[in-house]
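Student: Fold the following and give me the result.
(one chain, ligands or ions: 1)
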Amino acid sequence: MSSSGICNIKAEYIIPDPKRDVNLDHVSDKDKINFENASIADETNEPPFKKQKFDKSKKLKGQNKSRGPTYRVDKGDELCSNLINVVLDGEIPTCERKNCQFLHDIKKYLELKAKDLGDNCYNYQVSGKCARGLSCRFGSEHITTEGTNKIDQEKLLAFEANGPYTINTLKHDVQIALRKRTYDFKLAEKCVKYVDSIKKNNHESEKSSNPPTGSVTDEDIIKLLQREKKKIHWSDKLFLSPLTTVGNLPFRRICKEFGVDITCGEMAMCSSLLQGLPQEWALLKRHKSEDIFGVQLCANNPFLLTKCGQLLQNETDVDFVDLNLGCPIELVYNSGAGCGLLRRPRVLETCVKSLSSILDVPLTVKMRTGVYSSENIAHTLAPKMKDCGVSLLTIHGRSREQRYTKSANWNYIETVAQAAAPMPVLGNGDILSYEDYKKSKETAPHLTGVMIGRGALIKPWIFTEIKEQKIWDISSSERFEIIKKYSNYGLEHWGSDNKGVENTRRFLLEWLSFLYRYIPVGILESPPQKINERPPHFKGRDELETLMASPSASDWIKISEMLLGPVPENFNFLPKHKANSYKN
Ligand SMILES: Cc1cc2nc3c(=O)[nH]c(=O)nc-3n(C[C@H](O)[C@H](O)[C@H](O)COP(=O)(O)O)c2cc1C
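Tutor: Just a heads-up that it's a prediction; the model follows:
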């Protein structure tokens, strides 16, 4: 990294800093009022608010402010889901729901329905049937003038013969049992108590002081502890980081196509999984292409974790479970979860031992160097993790305190790898090119492999670059094809009706807030790009390249409109993560 933290761009591509105005089209009403008051205050030299300060310069640096939902369904304008799959000569289903507020008049709905966004429905084309039927926004291809759906039976049969494409969905009976708290977690509870008592006493005294309860006996637990775990061959593999919000299933499919070996779902909160919340269970979904797939759990106590371990064991198909020991978010940390577990080693030990014992797949942990920059503790915890049954440890080379402000400490990553040996260790932090990858292996020779997070978000083809040991000067049209593919995968995953289109857009925009940070190889003075180096303002080699390099949310919205049509009224967007490590 250059000492200045500035990335050198060929002179002919450097452009003056643009004057950045706020595009108020996609800013919430509240922020608009704030902004206008700030402007008036500027003119009159008066503070805009006494209590709530509105800093215009901050506003200009950031993107659109509001975090409100990007899209709300107006039930009165949407067709009832019971009617969307009507086919020619088929029965028109009736809606049994009491007080259903959705429309039930197909003709009226089709008249009201906003204009289709395109002639081609990706879902109909790949599977012969669009699950969103009449409500599909790309439906002209499969909706007849009579208001029924076409189905391509031959394609559908071929498609279904290869399915299912997505697994780990929440079954209705499981959801009910979780909501009513009737799911039988005796095994998990017993497991935690057993592990805890073993820790305190020796095995024999524990037996007499803690008699088995319910239908689960000590023998069940002993069998559990002694059973052979499934094994994963971790070495020579490339790992994709768990990435909240952006590491969704469509994104992971893209990474698989570029050669990543092992994928992991976004961090799932155990408390929410145990309540059967669909949005949390959605994080466990696995695509068919994800041949080695894990899910990441976050909780602050062994009961929550072990119950979730039992759930995953019984209700899903995953190859490994990862425990989050790195989440720096205040709320999570203060509750003693994520990075907070690093400062509670005794609880951590029970968490890891009991979760590991209930799983027949490997348990992995992902941690930061420690809580404070001045106090690295991962190397002292690593050997204990191995003794508690952890199969692999990932070390992100920064402390909680550092977040993303400093470069990852690869020398310390090597220290952890040595301390943990022979347990496999992955290094994680700042890898954006094959060169970075090579350097990481030189600096930390005891590592089993590396995990890549933002590098994959900024350029998902990084996995191809590493596997083929090259720098890829990818063109803007090739990059556009990637996001087009992502949109299609999004429409497949979230649906192609209004709600699905807007969900796809929201996640695409979140991703674009990383993708724009890519600097094309051909315009760099000395490639490859380094993750910590901020470029001066630059133009691309063509219009599309310039557009894709824009840091402005309104340009990302423009890109989304090229693929998903115009944004709905009252649309606003602010990216969730601002994880860059540029020096200010
Ligand atoms: C947007 C975003 C979301 C993240 N979400 C998670 C997460 O859910 N679980 C986790 O363990 N780490 C998460 N991380 C941290 C990354 O997995 C990774 O450890 C970190 O970004 C450092 O690696 P990198 O420099 O390759 O990005 C997230 C990071 C980013 C940027």
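Student: which bits of the stretch 201-350 of the chain sit near the ligand?
Tutor: Taking CB under 6 Å from any ligand atom as the contact definition, the stretch 201-350 of the chain meets the ligand at 241-244, 246, 266-267, 296, 324, 326. Where you see a C-beta, it was placed from the backbone N, CA and C, and this is true even at glycine.
Student: pLDDT added to these, as CSV?
Tutor: Output for these, formatted as CSV (pLDDT from 0 to 100):
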residue, pLDDT
241, 98
242, 98
243, 98
244, 97
246, 97
266, 98
267, 98
296, 98
324, 98
326, 96
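Student: Could you list the contact residues of this protein toward the ligand?
Tutor: By CB under 6 Å from any ligand atom, the residues of the chain that approach the ligand are 241-244, 246, 266-267, 296, 324, 326, 366, 396, 428-431, 452-455, 577, 579.
Student: out of the residues you listed, which are inside strands?
Tutor: Of those, the ones assigned to strands by DSSP state E are 296, 324, 366, 396, 428, 452.
Student: and those residues, which two are the farthest apart?
Tutor: Spanning the widest gap among these are 324 and 452, at 17.3 Å by CB to CB.
Student: Between these two, point out the one with more neighbours.
Tutor: Per other CB atoms under 10 Å, whichever of residue 324 and residue 452 has more neighbours is residue 452, with 27 against 22.
Student: and the residue nearest to the more buried one when sequence neighbours are not counted, what does it touch?
Tutor: Using CB to CB, 6 or more residues apart in numbering and skipping the chain neighbours, the partner closest in space to residue 452 is residue 431 (5.1 Å). Taking CB atoms under 8 Å, 6 or more residues apart in numbering, we find residue 431 in contact with 437, 440, 450, 452, 455, 462, 531.
Student: Would you mind giving these as CSV with pLDDT added?
Tutor: Listed next are the contacts of residue 431 as CSV, based on pLDDT from 0 to 100:
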residue, pLDDT
437, 98
440, 98
450, 98
452, 98
455, 98
462, 98
531, 96
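Student: wait, what's in contact with whichever residue of the stretch 451-584 of the chain sits closest to the ligand?
Tutor: At 2.8 Å from the ligand, residue 453 is the closest residue in the stretch 451-584 of the chain, using CB to the nearest ligand atom. Contacts for residue 453 (CB under 8 Å, 6+ apart) come out as 240-241, 243, 428.
Student: ok so, going back, mind putting the residues of the stretch 201-350 of the chain next to the ligand in TSV, distance to residue 273 included?
Tutor: Putting these into TSV (distance: CB to CB, whole Å) gives the following:
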residue	distance to residue 273
241	20
242	15
243	18
244	15
246	20
266	12
267	11
296	11
324	13
326	19
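Student: In the stretch 301-450 of the chain, what residue spans correspond to helices?
Tutor: Taking DSSP state H, counting those that start in this stretch, the helices of the stretch 301-450 of the chain run over residues 302-315, 330-334, 345-358, 378-387, 410-420, 434-443.
Student: Please report the distance of the residue of the stretch 251-400 of the chain found nearest the ligand from residue 174.
Tutor: The nearest approach of the stretch 251-400 of the chain to the ligand comes at residue 267, 3.3 Å away (CB to the nearest ligand atom). Residue 267 sits at a distance of 21 Å from residue 174 (criterion: CB to CB, to the nearest Å).
Student: quick one on the thing from earlier: which of the contacts of residue 453 sit farthest apart?
Tutor: Pairwise over the contacts of residue 453, using CB to CB, the maximum falls at 243 and 428, 11.6 Å.
Student: give the contact list for the spatially most central residue of the chain.
Tutor: With distances taken as CA atoms, centre = their mean, residue 247 lies nearest the centre of the chain, 2.7 Å away. Residues counted as contacts of residue 247 (CB under 8 Å, 6+ apart) are 240-241, 264-266.
Student: Now list the buried members of the contacts of residue 431.
Tutor: Neighbour-count burial (16 or more other CB atoms under 10 Å) applied to the contacts of residue 431 gives 437, 440, 450, 452, 455, 462, 531.
Student: Show me what counts as buried in stretch 267-278.
Tutor: Going by neighbour count (16+ other CB under 10 Å), the buried part of stretch 267-278 is 267-274, 276-277.
Student: how about the residues you listed, which pair is most distant?
Tutor: Most distant of the buried residues of stretch 267-278, by CB to CB, are 267 and 276, 18.0 Å apart.
Student: what's around the closest residue to residue 230 other than its chain neighbours, how many residues?
Tutor: Excluding its sequence neighbours, the residue lying closest to residue 230 (CB to CB, 6+ apart) is residue 361, at 5.2 Å. Neighbour count for residue 361, taken as other CB under 10 Å: 20.
Student: go on, the one 3 residues further on?
Tutor: Taking other CB under 10 Å as the criterion, the count of residues near residue 364 is 25.
Student: Next: residue 186.
Tutor: Neighbour tally, residue 186, other CB under 10 Å: 14.
Student: With the one 5 residues further on instead?
Tutor: Residue 191 is flanked by 28 other residues according to other CB under 10 Å.
Student: what's the answer for the one 4 residues further on, then?
Tutor: Residues lying near residue 195 (other CB under 10 Å) number 25.
Student: do residue 319 as well
Tutor: 18.
Student: so who does it touch?
Tutor: So residue 319 contacts 230, 232, 292-294, 361-362 (CB under 8 Å, 6+ apart).
Student: quick one: which of the buried residues of stretch 267-278 is nearest to residue 114?
Tutor: When the buried residues of stretch 267-278 are compared for distance to residue 114 (CB to CB), residue 277 wins out at 30.4 Å.
Student: what pLDDT does that closest one get?
Tutor: At residue 277, the model reports a pLDDT of 98.
Student: Residue 238 is in contact with residue 258, isn't it?
Tutor: No. Judged on CB atoms under 8 Å, residue 238 makes no contact with residue 258 at a distance of 9.6 Å.
Student: so the residue nearest to residue 230 touches residue 316, yeah?
Tutor: No. Counting by CB under 8 Å, residue 361 stays clear of residue 316, with 10.1 Å between them.
Student: for the protein, what helix or strand is lowest in average pLDDT?
Tutor: When the helices and strands of the chain are scored by mean pLDDT, DSSP states H and E, helix 56-61 comes last with a mean of 41.
Student: Check which residues of the helix or strand just after that helix are buried.
Tutor: Once the chain leaves helix 56-61, the next helix or strand it forms, by DSSP states H and E, is helix 106-112. Buried residues in helix 106-112, counted by 16+ other CB under 10 Å: 106, 109-110.
Student: What is the subsequent helix or strand relative to helix 106-112?
Tutor: Taking DSSP H and E, what comes next after helix 106-112 is helix 122-127.
Student: Report the buried residues of that following helix.
Tutor: Quick answer for helix 122-127 (16+ other CB under 10 Å): 122-124, 127.
Student: just those residues now: which is nearest the ligand?
Tutor: If you rank the buried residues of helix 122-127 by distance to the ligand using CB to the nearest ligand atom, residue 122 comes first, at 26.0 Å.
Student: ok, the closest one - contacts?
Tutor: 138, 488, 491-492, 496.
Student: Quick check: the farthest pair among the residues you listed?
Tutor: Pairwise over those, using CB to CB, the maximum falls at 138 and 492, 11.6 Å.
Student: Compare the two (neighbour count), which wins?
Tutor: Counted by other CB under 10 Å, residue 138 and residue 492 do not tie: residue 138 has more neighbours, with 26 against 23.
Student: Roughly how far does that one sit from the ligand?
Tutor: According to CB to the nearest ligand atom, to the nearest Å, residue 138 stands 29 Å off from the ligand.
Student: Surely that residue and residue 114 touch.
Tutor: No. With contact defined as CB under 8 Å, residue 138 does not count as touching residue 114 (11.9 Å).
Student: Where does pLDDT dip in the stretch 101-250 of the chain?
Tutor: Residue ranges of the stretch 101-250 of the chain with pLDDT under 70: 201-217.
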